[in-house]
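1. fold the stuff below for me.
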Amino acid sequence: MLSSGSSQALLLYCDAFFLLFLPIDCLIVVIAVQCLASFAGFFL
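-> Alright, predicted model coming up:
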């Protein structure tokens, strides 16, 4: 079993990881949507 201290540190680490990579994920999604939209506009 994990002690409360180590599990809390793990939660903090996961939160930091999530906050760090969420903007990158959003950026990738926005770029992908823009690329798809430009391809759709090109073919239509």
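
2. residue contacts, L22?
-> Under the criterion of C-beta atoms under 8 Å, 6 or more residues apart in numbering, L22 has no contact partners. (Glycine included, C-beta is placed from N, CA and C.)

3. tell me which helix or strand it sits in.
-> When elements are defined using DSSP states H and E, L22 is found to belong to helix 4-43.

4. off-centre distance for that helix?
-> The chain centre lies 1 Å from the centre of helix 4-43; the measure is C-alpha atoms, centre = their mean, to the nearest Å.

5. for stretch 34-44, same thing?
-> Averaged over its C-alpha atoms, stretch 34-44 has a centre that lies 24 Å from its chain's centre (C-alpha atoms, centre = their mean).

6. just the CA trace of that stretch, in PDB.
-> Taking C-alpha atoms only, stretch 34-44 is exported to PDB below (Å, rounded to 0.1, in the frame of the first residue of the first chain):
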ATOM      1  CA  GLN A  34      -7.300  23.700 -39.500                       C
ATOM      2  CA  CYS A  35      -5.500  21.300 -41.900                       C
ATOM      3  CA  LEU A  36      -8.600  19.200 -42.400                       C
ATOM      4  CA  ALA A  37     -10.600  22.300 -43.000                       C
ATOM      5  CA  SER A  38      -8.100  23.600 -45.600                       C
ATOM      6  CA  PHE A  39      -8.100  20.200 -47.300                       C
ATOM      7  CA  ALA A  40     -11.900  20.100 -47.400                       C
ATOM      8  CA  GLY A  41     -12.000  23.600 -48.800                       C
ATOM      9  CA  PHE A  42      -9.400  22.600 -51.400                       C
ATOM     10  CA  PHE A  43     -11.400  19.500 -52.500                       C
ATOM     11  CA  LEU A  44     -14.800  21.200 -52.400                       C
END
